[in-house]
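Engineer: Mind looking at a prediction? Sequence and model below.
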Amino acid sequence: MLLSLVVHTYSLRYWFPAAVMIGTAPAYLLSWGAWRLLSTVLPARLYHKVDDHVYTVYQSMVLFFFEHYTGVEIVIYGDIPKKKENVVYLSNHQSTGKSESDWIIADMLAIRQNALGHVRYVLKDGLKWLPLYGWYFSQHGGVYVKRSAKFDEKIMRRKLLSQVEVGTPMYLVIFPEGTRYNPDFKGVISESQAFAAKEGLAVLKHILTPRMKASHVAIQSMKDHLDAVYDVTVAYEGTLTADGQRCTAPSMPEFLCKECPRVHIYFERVDVRDIPPEPGFFRRWLHERFEIKDKLLTTFYESDDPGKKCRFPGEGRKSPLSLRKTLPSLLVLSGLTLPMLLTEPGRKLYYRTWICGTLLGWLWVHISL
């Protein structure tokens, strides 16, 4: 009885915020859909500007739960530019399961630059089938890509150039490893290391060998639009076992259950003019950046010096997020959702939005993507 109560109480720590984040989706999509219809006769630049503001509202609400609800401490090494820039964000990829926390880290940095609405993702092709969200992420400027030999750079380039043509602010998030690093997946790690050795590249231990195609296409397609590349290395505290072995990074449910006390973020800004355009040189440049990440993570997880373990080199600064940046969004979306759920016509609209929006979204992605 007592154990059952403990288990249910623990699960509620995840299900409550998850219910709010997912439950407000219909109200959010209806608001966005109304603006999308109104904007059909307006300049594309104006549509994207308002869409970015609308997107900021939803993602700020998400960050309320991932930062304020969890109480996680964000420690940043390096100086984040105060002004907003057009950037490609490159990071290591490690969070486990279908619910990944790595995406949230990009939001955490973007909101600290007041650039949250500019965040757009390069996503695995299968995610386009997510109910409601799948087709919306594409509408917001996200790009769905297939892996390896099935990767179509023409589709990606066309999508990005269409954004550049209308001057869309860009904070494009890419995880060049493609596959999440999980220390339990020894086969995946061995294959990645064998590939690096075969290609004459440095063998990496705490990350996978990066794939260059999506990053290269993105940077070259938008080279005249971009200001910089943000090279970000992330480590989740609490991912060492009692005997000092690295274990899996937290999934979203685990993160929301407050199992991650602290996130360490190592930030470097690389001017886009310093990145080699030729594919061979770019591949080497990208791998060298990941060699640096691997050294940072090796120190973080394996250093014999207690002063260096579970931290990155240099000065780490705690970066609390003001409640004023997240709570208003939670109140707005809750205020739009609750009236729908409290009336019979509202509930019908709510459920029809889930069902019809999902089916229409699937039809759209099937035809368009």
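Structural biologist: Structure's in. What do you need?

Engineer: how near is the residue nearest the centre of the chain to Leu90?
Structural biologist: Relative to the mean C-alpha position of the chain, the nearest C-alpha, by C-alpha atoms, centre = their mean, is the one of Trp103, at 2.0 Å. Using C-beta to C-beta, to the nearest Å, we find Trp103 at a distance of 14 Å from Leu90. C-beta coordinates here come from the backbone N, C-alpha and C atoms, glycine included.

Engineer: What of His48?
Structural biologist: If you go by C-beta to C-beta, the gap between His48 and Leu90 works out to 23 Å.

Engineer: quick one: which of the two has more around it?
Structural biologist: Leu90 (26 against 21; other C-beta atoms under 10 Å).

Engineer: can you give me the helices in the chain?
Structural biologist: 2-23, 25-38, 44-63, 102-111, 133-139, 153-165, 186-198, 213-221, 252-256, 279-302, 327-342, 344-368 (DSSP state H).

Engineer: Just put these in a markdown table and tack on distance to Ile80 and mean pLDDT.
Structural biologist: Listed next are these as a markdown table, based on distance: least, C-beta to C-beta, whole Å; pLDDT from 0 to 100:
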| stretch | distance to Ile80 | mean pLDDT |
| --- | --- | --- |
| helix 2-23 | 25 | 74 |
| helix 25-38 | 27 | 94 |
| helix 44-63 | 16 | 95 |
| helix 102-111 | 6 | 96 |
| helix 133-139 | 24 | 92 |
| helix 153-165 | 23 | 93 |
| helix 186-198 | 30 | 95 |
| helix 213-221 | 20 | 96 |
| helix 252-256 | 21 | 90 |
| helix 279-302 | 17 | 97 |
| helix 327-342 | 21 | 96 |
| helix 344-368 | 34 | 94 |
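
Engineer: Need those in CSV (columns: distance to Lys146).
Structural biologist: As requested, those are exported to CSV (distance: least, C-beta to C-beta, whole Å):
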stretch, distance to Lys146
helix 2-23, 27
helix 25-38, 26
helix 44-63, 25
helix 102-111, 19
helix 133-139, 14
helix 153-165, 9
helix 186-198, 18
helix 213-221, 10
helix 252-256, 24
helix 279-302, 19
helix 327-342, 33
helix 344-368, 13
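
Engineer: quick one, which of these is nearest to Phe312?
Structural biologist: With C-beta to C-beta, the closest approach to Phe312 among the helices of the chain belongs to helix 279-302: 5.6 Å.

Engineer: what's in contact with that closest one?
Structural biologist: 90, 92, 176, 196, 201-202, 204-207, 209-210, 212, 215-216, 219, 231, 233, 235, 239-240, 244, 246, 264, 266, 270, 275-276, 308-313 (C-beta atoms under 8 Å, 6 or more residues apart in numbering).

Engineer: starting at the chain centroid, how far to it?
Structural biologist: 20 Å (C-alpha atoms, centre = their mean, to the nearest Å).

Engineer: Can you list the buried residues in that helix?
Structural biologist: 282-283, 285-287, 289-291, 293-294, 296-297, 299-301 (16 or more other C-beta atoms under 10 Å).

Engineer: next one: stretch 247-255
Structural biologist: Buried residues in stretch 247-255 (16+ other C-beta under 10 Å): 248-255.

Engineer: Now do it: everything it contacts.
Structural biologist: Stretch 247-255 has contacts (C-beta under 8 Å, 6+ apart) with 14, 18, 66, 70, 72, 94-97, 99-102, 104, 182-184, 236, 238-241, 259-260.

Engineer: among those residues, which are in strands?
Structural biologist: Tyr236 (DSSP state E).

Engineer: re the thing from before, so the residue nearest to the centre of the chain makes contact with Tyr121?
Structural biologist: Yes: using C-beta atoms under 8 Å, Trp103 is in contact with Tyr121, at 6.8 Å.

Engineer: Could you name every residue contacting both of the two?
Structural biologist: Val173.

Engineer: before we move on, the earlier item: look up how far Leu333 lies from the residue nearest to the centre of the chain.
Structural biologist: Trp103 sits 19 Å away from Leu333, going by C-beta to C-beta.

Engineer: Read off the pLDDT value for the closest residue in space to Leu333 that isn't next to it in sequence.
Structural biologist: Of all residues not flanking Leu333 in the chain, Thr24 sits nearest, at 4.2 Å (C-beta to C-beta, 6 or more residues apart in numbering). Thr24 carries a pLDDT score of 96 in this model.

Engineer: give me the number of residues near Thr24?
Structural biologist: There are 24 residues near Thr24, going by other C-beta under 10 Å.

Engineer: and the gap between it and Phe185?
Structural biologist: 34 Å.

Engineer: Now do the nearest residue to Leu130 once chain neighbours are set aside against Leu127, distance only.
Structural biologist: Closest residue to Leu130 apart from its sequence neighbours, by C-beta to C-beta, 6+ apart: Phe137 at 7.9 Å. With distances taken as C-beta to C-beta, Phe137 is found 8 Å from Leu127.

Engineer: Over to Leu363?
Structural biologist: 17 Å.

Engineer: try Pro169
Structural biologist: Counting by C-beta to C-beta - Pro169 and Leu127 are separated by 23 Å.

Engineer: and if you look at Asp52?
Structural biologist: For Asp52 relative to Leu127 (C-beta to C-beta), the value is 21 Å.

Engineer: Okay then, goodbye and thanks.
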